[in-house]
Every structure is written in structure tokens, then in C-alpha cells.
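1. coords below, sequence missing:
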Ligand code: ZN
């Protein structure tokens with residue numbers, strides 16, 4: 001599925017988009033892998049609360065300040081984007097039960113953009129099976 005991002009750095013809640021892919025897949029039970037093939041985005045699960053979302057971005061900016069003398073900035077000027085992506089990771093796995101994502105009450109799935117705005121692809125891979133629920 002495609003996600004259009006609108007800022008250089010932002011977290012976009014893609015839970016409903018993923019849930020509709022799962023519903024349309026026609027698989028009752030199994031696992032859902034949500035992954036990004038880009039090197040400057042991440043997939044992460046956490047709470048969609050405005051203050052927390054800005055805290056996550058603030059944490060990453062403190063861990064990985066922009067343009068802090070990185071080698072990759074000599075050719076691409078976005079080393080901070082890659083390094084922030086490494087911290088959050090490129091995929092998450094969520095159990096599927098009765099064609100629904102089995103998420104915790106406060107869990108949402110985010111695409112984290114670190115070098116936007118761009119059109120981004122997120123792969124939703126659903127593997128059937130009964131032992132994950
Ligand atoms: Zn780069």
C-alpha cells in the first residue's frame with residue numbers, strides 16, 4: 001500500500017490502512033508482517049497520543065542530531081534519516097485473529113518518515129496459520 005508523507009520527519013498512523021488490507025485478504029488467522037523497504041523510514045508500534053508522538057521524534061533528534069559530521073552527508077546529506085530509521089527498525093509483526101489485527105488496547109502501527117515528504121510503499125504480508133493466536 002502507498003502512503004504519502006507530508007513532512008521531513010513525522011509518524012503517520014497506518015493502523016486502519018493495515019487493518020483493511022488484513023480484512024480484504026480473506027485470511028482468518030495467522031500473522032501480519034508490516035514492513036518498509038525504504039532505508040529512511042521505519043515501522044513502529046506504540047501509542048498514538050500527540051504528546052508521545054512528539055516525544056518520540058524529540059528522542060530521535062537528541063539521539064541522532066542532524067548534520068553532526070556524518071560520512072554519508074558527503075554524498076547524500078541525509079545520514080540522520082538513515083540512522084533514525086535504524087533505531088526504530090523496518091518491520092513489525094502482529095497476530096491476526098478472525099481477520100482482525102490483534103493489537104493491544106493502546107497500540108497503533110506507525111510509518112515513521114525521516115526524509116520526506118515522499119510517496120512511500122508499505123508492504124503488508126499476511127501468512128496464514130493457526131498457531132499464532
Ligand atoms: Zn542517503
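-> Perfect, thanks for sending it. Please read these numbers as outputs of a predicted model, since none were measured by experiment. Numbers count the residues shown, from 1 in each chain.
2. drop to CA atoms for contacts and neighbour counts, all remaining ones
-> OK.
3. name the SS class of residue 123, please.
-> Recorded secondary structure, residue 123: strand (DSSP: H, G, I helix; E, B strand; the rest coil).
4. tell me who's in contact with it.
-> Applying Cα atoms under 8 Å, 6 or more residues apart in numbering to residue 123 gives the contacts 1, 33, 34, 35, 36, 37.
5. closest to residue 49 among those residues?
-> Checking the contacts of residue 123 against residue 49 with Cα to Cα, the nearest one is residue 34 at 20.9 Å.
6. any idea how far the closest one lies from residue 94?
-> Distance, residue 34 to residue 94, using Cα to Cα, to the nearest Å: 8 Å.
7. residue 19 too?
-> Residue 19 sits 11 Å away from residue 94, going by Cα to Cα.
8. which neighbours do the two share?
-> Joint contacts of residue 19 and residue 94 (Cα under 8 Å, 6+ apart) are residue 101.
9. picking that back up, buried ones among the contacts of residue 123?
-> Neighbour-count burial (16 or more other Cα atoms under 10 Å) is assigned, among these, to 33, 34, 35, 36.
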